[in-house]
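K.L.:
can't give you the sequence, but here's the structure:
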């Protein structure tokens, strides 16, 4: 049995072009639909606007646009970077707890080169493989990687994208190994940038890294043969001593049996709210407690949240002042949800964050990390704080009454998937936010729900192509 690098490269090369069944196709279609929506919506964000301005500066005078709003004549790595940044700009893209946000990265990378038509079956095959590599390597590097301040979406996501593009191109094992080695020197992404435009850029860079690494390897670029194995290799450096190579133990069996692919189990959490997943359980528990008491937000005296260790690491903003900071603030997300009856795209604007009522309510929200909230992993070494254990919230009203609520699984998780109406509502809102006709939602759903029957995915999405580019006063001269 070879090392991790050998085994992963063989896994990608051996399974490239593999045809998956209806269950896998449906799982991929669900997250592709979600990713298409958030990519389009991202065009209406500040980070998306900046990324698209940069893309236009690279493309020069090109007037032709692609479905996601960027110029058609972009080098594939730049196209992947732009689409991937749009995808994560609103923090609304689906997540694989503990492994980042692979879906939108994979889609952005796989559709980066418009000169390579990608059919639905081809995309499903490469997507499932890339998703699996992303999930396995996230486990192998260990959760200390994230707790230390690395952003798994950027670091491990780069390898998932590399695997997917290598599979799409049908590269052989030595070329896949070279691509992994190249990607190993491209990855980065610090949680210090959460709450800024660079956080969504991490997703874009991961997609771009995958395209660039696979393309360079395809053209003969070499790298270390075992980027994941031994001293000073990727896992040795980035795991901080907490590597879990056993995450690859059944990889060979997976290639043969194929019944435990990560896209199916554990599967993605499709986000219901456009903010950090670490806030979800407290938000939903607080709303449940409020409903039990039947009190308006103005009558809430205190909200006491007990969360698993590690939850507050990425939630850097106790008193946010911008919509980007608010996405990583437990006090804001809980307060806004109680005040507004939930969280929507409209909850995350600078004006919404500055409302006196929400600022006042934030003052009564308290959060403490408690080892009792994660009995299966008290120190939070091996599981994500957004999914392991549970969250307890006690809400106290001004009249002295109180209610307690506990949330284990959130809306949108595999255990509590969004309903079809909720999925349609999200897509409609995303199209509207991105400046597209929300009435197109039904046609997009009709085309993508049978992803395995699509001949050319990029072509199928042309109905979303904007007709014009509207320059802004900030456009560089």
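P.N.:
Yes, it's here. For clarity, every value in this text was computed on a predicted model and none was experimentally measured.
K.L.:
what about the nearest residue to residue 382 once chain neighbours are set aside, how many residues close to it?
P.N.:
Closest residue to residue 382 in three dimensions, ignoring its sequence neighbours and counting by C-beta to C-beta, 6 or more residues apart in numbering: residue 143, at 5.6 Å. C-beta coordinates here come from the backbone N, C-alpha and C atoms, glycine included. By other C-beta atoms under 10 Å, 24 other residues sit near residue 143.
K.L.:
Please apply the same query to residue 148.
P.N.:
Considering only other C-beta under 10 Å, residue 148 is surrounded by 15 other residues.
K.L.:
Give me the pLDDT for it.
P.N.:
Residue 148 carries a pLDDT value of 92.
K.L.:
With adjacent residues omitted, what lies nearest to it?
P.N.:
residue 240 (5.5 Å).
K.L.:
quick one: contacts for the most centrally placed residue in the chain?
P.N.:
Central residue of the chain (C-alpha atoms, centre = their mean): residue 101, 2.3 Å from the mean position. Contact analysis of residue 101 by C-beta atoms under 8 Å, 6 or more residues apart in numbering lists 87-88, 93-95, 153, 157, 203.
K.L.:
Relative to residue 403, how far out is it?
P.N.:
33 Å (C-beta to C-beta, to the nearest Å).
K.L.:
got it, and residue 49?
P.N.:
From residue 49 over to residue 403 (counting by C-beta to C-beta), the distance is 42 Å.
K.L.:
for residue 318, same thing?
P.N.:
25 Å.
K.L.:
for residue 303, same thing?
P.N.:
Counting by C-beta to C-beta, the separation of residue 303 from residue 403 is 11 Å.
K.L.:
More neighbours: those two, which one.
P.N.:
Neighbour tally, residue 303 and residue 403, criterion other C-beta under 10 Å: the higher count belongs to residue 303, 26 against 19.
K.L.:
all strands for the stretch 201-350 of the chain, in order.
P.N.:
Here the stretch 201-350 of the chain has its strands, by DSSP state E, counting those that start in this stretch, at 300-307.
K.L.:
residues contacting the residue nearest to residue 148?
P.N.:
Contacts of residue 240 by C-beta under 8 Å, 6+ apart are 142, 144-145, 148.
K.L.:
Quick check, the residue nearest to residue 382 in contact with residue 98.
P.N.:
Yes: Residue 143 lies in contact with residue 98 (C-beta atoms under 8 Å); the separation is 6.4 Å.
K.L.:
anything in contact with each of these two?
P.N.:
383-384.
K.L.:
follow-up on the earlier one: just among the contacts of residue 240, which is most surrounded?
P.N.:
In those, the most neighbours by other C-beta under 10 Å go to residue 142, 23 neighbours.
K.L.:
Let me see the backbone angles for it.
P.N.:
The phi and psi values for residue 142, taken as degrees, to the nearest 10, are phi 90, psi 150.
K.L.:
For it, give its distance to residue 8.
P.N.:
Distance from residue 142 to residue 8, by C-beta to C-beta: 16 Å.
K.L.:
now the stretch 351-477 of the chain, which segments are flagged as low pLDDT?
P.N.:
380, 469-477 (pLDDT under 70).
K.L.:
again, 90 this time
P.N.:
Within the stretch 351-477 of the chain, the segments meeting pLDDT under 90 span 375-388, 467-477.
K.L.:
State the distance spanning the first to the last residue of stretch 371-384.
P.N.:
End-to-end distance of stretch 371-384 (C-alpha to C-alpha, to the nearest Å): 13 Å.
K.L.:
Please work out which residues outside that stretch touch it.
P.N.:
Contacts of stretch 371-384 (C-beta under 8 Å, 6+ apart): 97-98, 142-144, 146-147, 242, 244, 306-310, 385, 388-392.
K.L.:
same thing with stretch 441-449?
P.N.:
29, 32-33, 36-37, 423-424, 427-428, 431, 454, 460-461, 463-464.
K.L.:
how about 6 Å then?
P.N.:
Contacts to stretch 441-449, defined as C-beta atoms under 6 Å, 6 or more residues apart in numbering, come from residues 29, 32-33, 424, 427-428, 431, 460.
K.L.:
And for stretch 125-141?
P.N.:
12, 15, 17-18, 20, 24, 28, 98-99, 102, 106, 110, 152, 156, 159-160, 163-164, 167-168, 235, 238-239, 244-245, 247-248, 261-263.
K.L.:
Taking those residues, please make a PyMOL selection of just the buried ones.
P.N.:
In PyMOL, this line selects whichever of the contacts of stretch 125-141 come out buried by 16 or more other C-beta atoms under 10 Å:
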select buried, resi 12+15+20+24+28+98+99+102+106+110+152+156+159+160+163+164+167+168+235+238+239+244+245+247+248+261+262+263
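K.L.:
quick one: which of the contacts of stretch 125-141 sit in helices?
P.N.:
Among the contacts of stretch 125-141, the members found in helices (DSSP state H) are 12, 15, 24, 28, 102, 106, 110, 152, 156, 159-160, 163-164, 167-168, 235, 238.
K.L.:
Let's verify the closest residue to residue 269 other than its chain neighbours: helix, strand, or coil?
P.N.:
Nearest non-adjacent residue to residue 269, counting by C-beta to C-beta, 6+ apart: residue 413, 4.6 Å away. Under DSSP: H, G, I helix; E, B strand; the rest coil, residue 413 falls in the coil class.
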